[in-house]
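*Asks:* any chance you could fold what I've pasted below:
(2 chains)
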Amino acid sequence: MLAIEFPPISHLLNWPDIWFEDTAFAVNKVTMLFVVAAVMVATFYLVAGSKKQLVPTGVQSVAESAIGFVRDGIIMETAGPAGLPFLPFLLTLFSFIFCLNIIGLVPFVQMPANARMALPAIMALVVWATYIVVGMVKQGPLHYFKGVAFPPGVPKPIYLLVTPIEIVSTFIVRPLSLAVRLFANLLAGHLILVSFAILSEALFDATYIGVVAPFFMLVALTGFELLVAFLQAYIFTILASVYIGGAIHPDH
Amino acid sequence: MLNPSILAEIGPGELEAGLTALGRGIVYGGAAIGPGLGIGLIAGNAITAMARQPEAAGMVRTTMFLGIAFTEALALFGFVLAFILAG
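*Replies:* Numbering: from 1, shown residues only, chains lettered A, B, ... in the order given. Modelled structure (predicted):
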């Protein structure tokens, strides 16, 4: 009989420390992926901007289409022209998340760094702090918090219900869902790929020919994960843009 | 024939492990029902809107992804909760 043992989830996600073991600065595979992705994004935009041609070619045209996508497809659609000062921030977020997710699919690396809660949580907290600060600067602290807690155009008694919901959803659920969405999507994708890899290995050991079907699924799902990698970077950025846009323009 | 004494042969901790696995399945399955219906409605209505008014497809697509992202979060909370359940 085929009895397939699925490893406990900590075996799939916890990597041993490589340097500085057992300190707060321990470096493992996931930490190295953060650094690699950050260096890749920085190098990409530095190379793209090193010689500014009027007619872009090569790296520069890729970078310009990425900027155009974030500017026209994300910021202008959600926050409007007032959100354009946040183009560098949102472009960095988008490129960094996308790069990390793609590295997570490269054969022999195959560890999406965003499947650990640390980075999504930090990025969500940065977005959370950004939109609160933007709201307080653009509208004034009192007006901003009043606009969040008491949205205009609601009959007075309904505020008993609306105010707690709005406060919880704006200041607690938004950052939590932003982080959990990115984390859980990549964790789920990683687990699906692991399941099919384990199934392929077990069937290869048992029958040789039986490996065809699960291995085909493994390759197809890796292709699907490429789509998820892009989509999650897009969704994280567009939600950050919506939240910042909402802090710039109060509800009328 | 099923031997009734099989129930007496459960090792220590096996019942808890089995019930935890069952609970995980129920948590995630329950959490996936509503968002599944919701995402279906969002995507279906977005397709209708795009077919009726192809020139508005870009705007509809952005809004569709936003709606899907908000709805999907509920299912993902269930997914994470299923792992958080102590095994």
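*Asks:* host element of the residue positioned nearest the centre of chain B?
*Replies:* Centroid-nearest residue in chain B: residue B:32, 2.3 Å away (criterion: CA atoms, centre = their mean). Using DSSP states H and E, residue B:32 sits in helix B:14-52.
*Asks:* list the helices and strands that helix packs on?
*Replies:* Here helix B:14-52 touches helix B:57-84, going by 3 or more CB pairs under 8 Å, 6 or more residues apart in numbering or on different chains; DSSP states H and E. To be clear about C-beta, it is placed using only N, CA and C from the backbone, and glycine gets the same treatment.
*Asks:* what about the closest residue to residue A:71 other than its chain neighbours, neighbour count?
*Replies:* If the residues on either side of it in the chain are set aside, residue A:71 comes closest to residue A:87, at 5.7 Å by CB to CB, 6 or more residues apart in numbering or on different chains. The tally of other residues near residue A:87 (other CB atoms under 10 Å in any protein chain shown) stands at 15.
*Asks:* what about the helix or strand where residue A:87 lies, distance to the chain center?
*Replies:* For residue A:87, the host element (DSSP H and E) is helix A:87-103. Centroid separation between helix A:87-103 and its chain, computed with CA atoms, centre = their mean, to the nearest Å, is 8 Å.
*Asks:* what's the angle from the next helix or strand after it to helix A:87-103?
*Replies:* Once helix A:87-103 ends, the next helix or strand along the chain (criterion: DSSP H and E) is helix A:118-139. With axes from the mean of the first three to the mean of the last three CA atoms, to 10 degrees defining the directions, helix A:118-139 sits at 170 degrees from helix A:87-103.
*Asks:* residues in contact with helix A:118-139?
*Replies:* Identification of contacts with helix A:118-139 by CB atoms under 8 Å, 6 or more residues apart in numbering or on different chains yields A:30, A:34, A:86, A:89, A:93, A:97, A:100, A:113-114, A:144, A:147-148, A:171, A:174-176, A:178-180, A:182-183, A:236, A:240, A:243-244, A:246-248, A:250.
*Asks:* one more pass at 7 Å, please.
*Replies:* The contact list for helix A:118-139, computed with CB atoms under 7 Å, 6 or more residues apart in numbering or on different chains, reads A:34, A:93, A:113-114, A:144, A:147, A:174-175, A:178-179, A:182-183, A:240, A:243-244, A:247-248, A:250.
*Asks:* drop anything exposed from those residues.
*Replies:* A:34, A:93, A:113-114, A:144, A:147, A:174-175, A:178-179, A:182-183, A:240, A:243-244, A:247-248, A:250 (16 or more other CB atoms under 10 Å in any protein chain shown).
*Asks:* enumerate the positions of the helix holding residue A:87 that are buried.
*Replies:* A:89-103.
*Asks:* low pLDDT regions in chain B?
*Replies:* Filtered on pLDDT under 70, chain B yields the residue ranges B:1-8, B:86-87.
*Asks:* ok, back up a step: ok, now which ones touch the nearest residue to the residue nearest to the centre of chain B once chain neighbours are set aside?
*Replies:* Nearest non-adjacent residue to residue B:32, counting by CB to CB, 6+ apart: residue B:75, 5.1 Å away. Taking CB under 7 Å, 6+ apart, we find residue B:75 in contact with B:31, B:32, B:35.
*Asks:* what do you get for residue A:189?
*Replies:* Contacts of residue A:189 by CB under 7 Å, 6+ apart are A:112, A:225, A:228.
*Asks:* by neighbour count, which of the residues you listed wins?
*Replies:* residue A:112 (28 neighbours).
*Asks:* I figured that residue hits residue A:190, correct?
*Replies:* Yes. With contact defined as CB atoms under 7 Å, residue A:112 and residue A:190 form a contacting pair (5.4 Å).
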